[in-house]
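Novice: here is my input, please return the structure:
(2 chains)
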Amino acid sequence: MTHRQAFATVPLREQIAELLRVGLQDVQTTGALPPFDIPKIIAVDQSRHEAHGDYASPVCMGLAKVLRRAPLQIAQVVAQHIPAVDFVALVEVAPPGYLNFTLSTDWVAHQVPTILEAGESWGNVALGSGQRAQVEFVSANPTGPITIGSARNAVIGDTLASVLAAAGYTVEREYYVNDAGSKVRNFGASIFARYANLLGEDVPFPEQGYPAAYVTELAKHAQAEFGDRYLTQDRDTAIRALGLWGIARILDGVRDDLAQLRVHFDTWFSEKSLYESGLFDVMMAKLREGGYVVEYDGATWFRHPDLEKDAVLIRSSQVIPDPEDRPTYLASDIPYLWNKIVERGFDKAIYVWGADHHGDVPRVQAAAKALGVDVDRLVFVIYQMVTLLRGGQEVRMSKSSGEFVTLRELVDEVGPDPIRFMMLTRTVDVTLDFDLDLAVEQSDRNPVYYVQYAHTRIAGVLRKAVEEGCDLDAPGDPALLTHPSELALVRKMLALPEVIALAANGMAPHYLTFYATELASLFHAFYRDCRVVSTAPEDAALTQARLMLARAAQHVLARVLHLMGMDAPERM
RNA sequence: GUCCCCGUGGCGCAAUGGACAGCGCACCUGGCUUCGAACCAGGGGGUUGUGAGUUCGAGUCUCACCGGGGACUCCA
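Specialist: Predicted coordinates for the structure are as follows:
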């Protein structure tokens, strides 16, 4: 579990919105303009062009209609009422009605010691205000090794969890183990068949079984561990026992594989426990009471007005042949959401699901409504699928045929850093081509190393400084940081809090990769323009100031890399 | 058939409803006798799939259409 943050700042964008709010209120109270409603959300954007300052607000344009005045004129009045603060040097009015804010370069330079002191907590914001958020992700069926698709899930979920923690949420990471239902039985039957074959028994392989090689491997382990014990007992009992044993073994592998990708879970939650605890039955009774359950075609269905004529199968012995009459996969989602929100009291339950599950979203939401659970506390992050490319060719994957690339193979071949970075370079909404050849390539064509290179380059500069006898911990004078490249670098560092807020609000971890790349780029520009380590005596103070800046930049780069679950190397 | 995602320079992608739509790859030119060239600087290249609508303002929102991918009781 990630605990509450000790350090947080308010993003500059919000601070400027607050200045505008105060200014607009002042306009009201002084009667400088006719009365109007102050917008609840005051839009402030980072300026895209230098000529427009650092931040810009179009708020006055929205007021033009109500006030029946030209936006430019309104902006001119409002600008007069913006309170003076140390961090804003200039408020300008620009046609057709923008208010442009320019940060004080002196103030910007003086933030460097603050950033340095904050260290790895720089960027934290108090968005979550200690609310408890659970991120449930991966949750792949434990009937086989984790594949490349789950890698995207793992990286998105884990990074989102880190981002939410940085945004002030108390975060838990959870893996939902599908250890109930007919899958377990088919899996157990598959192991049993291979196991029996190894012992010379002619047991046919189940139709719905898992023919992959790892099942035979499991059977060999079972033979070594249990001998012929499972041939001598009741077959159903044996299949069940081998199924659960197999799942436990697969999960051990899953845990190891994910650890290689630097993904760790606080909780491994058993689907089976939802039935064993009786919660499923309690939920069914509750739904029945509300009239949300219907029976027909020999099956039990969940119905809700939101789903129109689309009823959801809950339990059937006819529609899906199952001797144990088990509830369906979807049925488990109902007690599970209750468990998350009501029993465990998470303020937010975040589901990271592949696009192949998007159809289940309205069903779970409808179930939440039927149970009286606030739907807004369930957040669904649906990401598009991954295709793996090797030699420009798509590598087809199919668990049933047993042909797939496992996460383990991928990590062994590529390493965790390129996987994590590449999985985060796109929005979750677009399908991702994972190019194996590019990922393993250690060259400037591989974008992964661009950011890490900036970090090591700083490390190199600092090593050089120590060689020259510099004291890295000695304070530098921020007032000496006046070069445009120095100030551009600091401005980008100052933007981290709003990047984290943006990523957390939008459940959009890809902002981190873009930010990291921009930050690295600005460091490289600084490096080009500003010599850091100078041995000339008259440069001593400037060297000290730039060392301070370089160290701060290194911290911020490391912070972002760590949020993405990547290494921040001293050497490459 | 119903639903979801995508359509932006040659290719791959960004852009919290705001100003002249950015970045990487590829291509062309230039930069290491001083801190790491896995780097930097400059250049060419765009009617944001089409058509309407909402808005002071649309790549972004709505509708229709076209094209690609996916889901619809195994799958991340």
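Novice: mind listing the helices for the stretch 451-572 of chain A?
Specialist: Here the stretch 451-572 of chain A has its helices, by DSSP state H, counting those that start in this stretch, at A:484-494, A:496-506, A:510-529, A:540-563.
Novice: can I get those in CSV with mean pLDDT and mean neighbour count?
Specialist: All C-beta spots, glycine's among them, are computed from the backbone N, C-alpha and C. Below are these laid out as CSV (pLDDT from 0 to 100; neighbours: other CB atoms under 10 Å):
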stretch, mean pLDDT, mean neighbour count
helix A:484-494, 96, 21
helix A:496-506, 96, 22
helix A:510-529, 96, 19
helix A:540-563, 97, 22
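Novice: do you know which of those helices lies nearest A:M283?
Specialist: A:M283 lies closest, by CB to CB, to one member of the helices of the stretch 451-572 of chain A: helix A:496-506, at 30.9 Å.
Novice: run through who's touching that closest one.
Specialist: Contacts to helix A:496-506, defined as CB atoms under 8 Å, 6 or more residues apart in numbering, come from residues A:9-14, A:46, A:122-125, A:127-128, A:160, A:163-164, A:166-167, A:169, A:508-512, A:515, A:556, A:559-560, A:563.
Novice: before we move on, what about stretch A:43-55?
Specialist: Taking CB under 8 Å, 6+ apart as the rule, stretch A:43-55 contacts A:12-14, A:16-17, A:20, A:56-59, A:62, A:90, A:92, A:94, A:98, A:100-103, A:491, A:495, A:498.
Novice: which SS class is A:A349?
Specialist: strand (DSSP: H, G, I helix; E, B strand; the rest coil).
Novice: show me where the stretch 151-300 of chain A has strands.
Specialist: With strands called from DSSP state E, counting those that start in this stretch, the stretch 151-300 of chain A shows them at A:170-177, A:267-270, A:293-296, A:299-302.
Novice: partners of the second one, with directions?
Specialist: Using DSSP bridges, strand A:267-270 pairs in its sheet with strand A:170-177 (parallel).
Novice: how distant is the strand it pairs with from the center of its chain?
Specialist: 13 Å (CA atoms, centre = their mean, to the nearest Å).
Novice: who's in contact with that strand?
Specialist: Contacts for strand A:170-177 (CB under 8 Å, 6+ apart): A:1-4, A:128, A:130-139, A:142, A:157-158, A:161-162, A:164-165, A:247, A:251, A:263-271, A:336, A:346.
Novice: now stretch A:189-205
Specialist: Here stretch A:189-205 has contacts from A:206, A:209-211, A:215-216, A:218-220, A:222-223, A:228, A:230-231, A:235, A:238-239, A:242-243, A:245-246, using CB under 8 Å, 6+ apart.
Novice: need the distance between the two termini of it.
Specialist: In stretch A:189-205, first residue to last residue: 8 Å (CA to CA, to the nearest Å).
Novice: within reach of RNA strand B, which of the contacts of helix A:496-506 are there?
Specialist: Counting by CB under 7 Å from any atom of the strand, A:R13, A:Q46, A:A508, A:H510, A:Y511 from those sit close to RNA strand B.
Novice: what two of those are the furthest from one another?
Specialist: Greatest spacing in those, by CB to CB: A:R13 and A:H510 (19.0 Å).
Novice: what's the local residue count around the residue of the stretch 51-200 of chain A found nearest RNA strand B?
Specialist: Closest contact between the stretch 51-200 of chain A and RNA strand B, by CB to the nearest atom of the strand, is at A:G149 (2.0 Å). A:G149 has 24 neighbours, counted by other CB atoms under 10 Å.
Novice: contacts only, for the residue lying closest to it once chain neighbours are set aside.
Specialist: Once flanking residues are discounted, A:G149 sits nearest to A:V386: 5.4 Å by CB to CB, 6 or more residues apart in numbering. A:V386 sits next to A:I148, A:G149, A:A151, A:R152, A:T431, A:L432, A:D433, A:F434 when contact means CB under 8 Å, 6+ apart.
Novice: mind putting those residues into JSON lines with secondary structure?
Specialist: Formatted as JSON lines, the contacts of A:V386 follow (three-state DSSP):
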{"residue": "A:I148", "secondary structure": "helix"}
{"residue": "A:G149", "secondary structure": "helix"}
{"residue": "A:A151", "secondary structure": "helix"}
{"residue": "A:R152", "secondary structure": "helix"}
{"residue": "A:T431", "secondary structure": "coil"}
{"residue": "A:L432", "secondary structure": "strand"}
{"residue": "A:D433", "secondary structure": "strand"}
{"residue": "A:F434", "secondary structure": "strand"}
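Novice: do you know how far A:G157 is from A:N186?
Specialist: Distance, A:G157 to A:N186, by CB to CB, to the nearest Å: 27 Å.
Novice: of the two, which one has the most company?
Specialist: A:G157 (28 against 18).
Novice: that one is in contact with A:V135, isn't it?
Specialist: Yes: here A:G157 reaches A:V135: they are 5.4 Å apart, a contact under CB atoms under 8 Å.
Novice: spell out which residues of the stretch 451-572 of chain A are next to RNA strand B.
Specialist: A:453, A:456-457, A:459-461, A:463-465, A:502, A:506, A:508, A:510-511, A:514, A:517, A:521, A:524-525, A:527-528, A:530-533, A:570-572.
Novice: which of the contacts of stretch A:43-55 fall within helices?
Specialist: A:L12, A:R13, A:E14, A:I16, A:A17, A:L20, A:V59, A:G62, A:R491, A:E498 (DSSP state H).
Novice: in these, find the pair that's most separated.
Specialist: A:G62 and A:R491 (27.0 Å).
Novice: my guess is A:I334 meets A:A366, correct?
Specialist: No: at 9.9 Å, A:I334 does not count as touching A:A366 under the criterion of CB under 8 Å.
Novice: residue ranges with poor pLDDT in chain A?
Specialist: A:1-5, A:308-329, A:396-404 (pLDDT under 70).
Novice: what's the local residue count around A:F265?
Specialist: A:F265: 23 surrounding residues under other CB under 10 Å.
Novice: got the phi/psi numbers for the residue of the stretch 301-450 of chain A found nearest RNA strand B?
Specialist: Across the stretch 301-450 of chain A, the shortest distance to RNA strand B (CB to the nearest atom of the strand) belongs to A:G354, at 2.3 Å. Dihedral angles of A:G354 (phi, psi; degrees, to the nearest 10) stand at phi -70, psi 160.
Novice: now do the contacts for it.
Specialist: A:G149, A:R152, A:N153, A:I382, A:Y383, A:M385.
Novice: just the buried members of these?
Specialist: Taking 16 or more other CB atoms under 10 Å as the criterion, what is buried in the contacts of A:G354 is A:G149, A:R152, A:N153, A:I382, A:Y383.
Novice: wait, what's in contact with the second one?
Specialist: Applying CB under 8 Å, 6+ apart, one finds that A:R152 lies in contact with A:G354, A:Y383, A:V386, A:M423, A:L432.
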